[in-house]
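Undergrad: Provided below are the primary sequence and the corresponding predicted coordinates.
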Amino acid sequence: MTHSIDPRTLQEKLTHNEPLTLVDVRRRADYEADPEKIPGAVWRDPEKVETWINELPFERPVAVYCVKGGAVSQSVADHLQQKGLEAVFLEGGLKGWRENRQSIADAQVSGHRYTIQPADLDLLRQAGVSEADIIHCRKVAEKALEIGDRTGVELDLELVGRGALFHDLGKARTHDLDHGRIGAEMGRELGLPESLTKIMEKHIRGGMSQEEAEELGLPIQDYSLNTLEEKIIIYADRLVDIITDGIVTLNSEAEAEERFMEILENIPKYGKNESTLKRYLGYHQEIQNLIKKVV
């Protein structure tokens with residue numbers, strides 16, 4: 001008998017970083033038409049399950065999902081079970097997951113918790129930010145809010161969510177190093193709060209010193225991150241890069257946090273240089289210590 005998992009239970013497992021391999025098994029045409037996945041999932045062609053089944057760690061349970069939780073994911077889960085894996089399919093598929101996320105968001109709003117606002121997404125589009133960059137910014141905001149919740153600290157979650165969502169506003173005009181400065185200028189023109197424009201300005205290299213800014217040809221000032229909200233946003237930004245770039249093979253989003261130090265120390269794209277590496281590892285340690293205290 002093929003077992004299933006409901007969206008809320010899956011959400012809880014992912015939020016609490018329980019060991020789990022999540023696989024998107026929508027048919028290729030469905031995936032290409034809508035490439036956004038559940039965070040942490042990897043897409044695999046359901047018609048070629050025999051070619052990728054050995055990639056899965058047999059010691060971890062596996063959850064698979066298709067568009068609506070129908071025959072595609074059920075047949076893949078059944079096949080994985082027959083091969084000895086602990087496998088389930090997601091009830092309602094991606095559609096059910098999205099509906100569940102919306103219900104959670106609605107509950108958070110009613111409970112005075114922050115959730116991403118459609119008006120802010122529209123503002124990014126109107127400013128000229130590409131859909132690819134908006135997807136990245138949204139993922140960073142979702143990750144930052146998730147981390148903020150896990151710290152157990154009382155935070156300005158609106159600042160966390162909006163700061164993360166708008167951090168790359170300057171990429172509407174350039175992807176060069178000065179997109180932070182340009183984004184801050186654009187944010188001020190749009191009337192965004194100074195707390196947000198400061199995040200745009202300071203997120204480059206995770207909060208630089210004046211000396212580093214001078215070396216990079218940026219306005220000479222102190223870009224240090226001063227608040228936990230700022231550090232969570234920058235930490236989430238780097239985690240999302242690791243999760244989505246495809247450079248590092250991960251079995252779950254949680255693994256990006258588990259291997260954060262190793263990944264930054266060994267992949268220059270993420271660690272950048274000694275000063276940047278030291279900052280990111282410091283944020284990682286500070287935030288993970290808070291999370292562990294809550295657990």
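TA: Thanks, I have the structure now.

Undergrad: so what's Arg181 up against?
TA: Going by CB atoms under 8 Å, 6 or more residues apart in numbering, Arg181 touches 170, 201, 218-219. C-betas here are computed from N, CA, C, even on glycine.

Undergrad: got a winner among the residues you listed for most neighbours?
TA: Among these, the one with the most neighbours (other CB atoms under 10 Å) is Gly170, at 26 neighbours.

Undergrad: spatially nearest residue to that residue, not counting backbone neighbours?
TA: Nearest residue to Gly170, sequence neighbours excluded (CB to CB, 6 or more residues apart in numbering): Gly183, at 2.9 Å.

Undergrad: how close does that neighbour sit to Glu201?
TA: The span separating Gly183 from Glu201 equals 7 Å under the rule CB to CB, to the nearest Å.

Undergrad: now swap in Asp6 and tell me
TA: According to CB to CB, Asp6 and Glu201 sit 43 Å apart.

Undergrad: show me where the stretch 1-150 of the chain has its helices.
TA: 7-15, 28-33, 49-52, 71-82, 93-110, 118-127, 131-151 (DSSP state H, counting those that start in this stretch).

Undergrad: would you mark the buried spots in the shortest one?
TA: Looking back up the chat, that one is helix 49-52. Neighbour counts over helix 49-52 (16 or more other CB atoms under 10 Å) mark Val49 as buried.

Undergrad: any low-confidence regions in the stretch 101-250 of the chain?
TA: For the stretch 101-250 of the chain, applying pLDDT under 70 flags the ranges 101-113.

Undergrad: which residue ranges of it form strands?
TA: Along the stretch 101-250 of the chain, no stretch is classed among the strands by DSSP state E, counting those that start in this stretch.

Undergrad: TSV for the helices of the stretch 1-150 of the chain, including distance to Pro193?
TA: Shown next, in TSV, are the helices of the stretch 1-150 of the chain (distance: least, CB to CB, whole Å):
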stretch	distance to Pro193
helix 7-15	29
helix 28-33	37
helix 49-52	46
helix 71-82	43
helix 93-110	20
helix 118-127	12
helix 131-151	16
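
Undergrad: closest to Leu190 out of those helices?
TA: Among the helices of the stretch 1-150 of the chain, helix 118-127 comes nearest to Leu190, with 6.8 Å by CB to CB.

Undergrad: and the closest one, what other elements does it pack with?
TA: Secondary-structure packing of helix 118-127 (3 or more CB pairs under 8 Å, 6 or more residues apart in numbering; DSSP states H and E): helix 131-151, helix 157-166.

Undergrad: out of those helices, which is closest to Pro46?
TA: Across those, closest to Pro46 is helix 131-151 (CB to CB), at 23.7 Å.

Undergrad: taking helix 7-15 as reference, get the angle to the closest one.
TA: 80 degrees (axes from the mean of the first three to the mean of the last three CA atoms, to 10 degrees).
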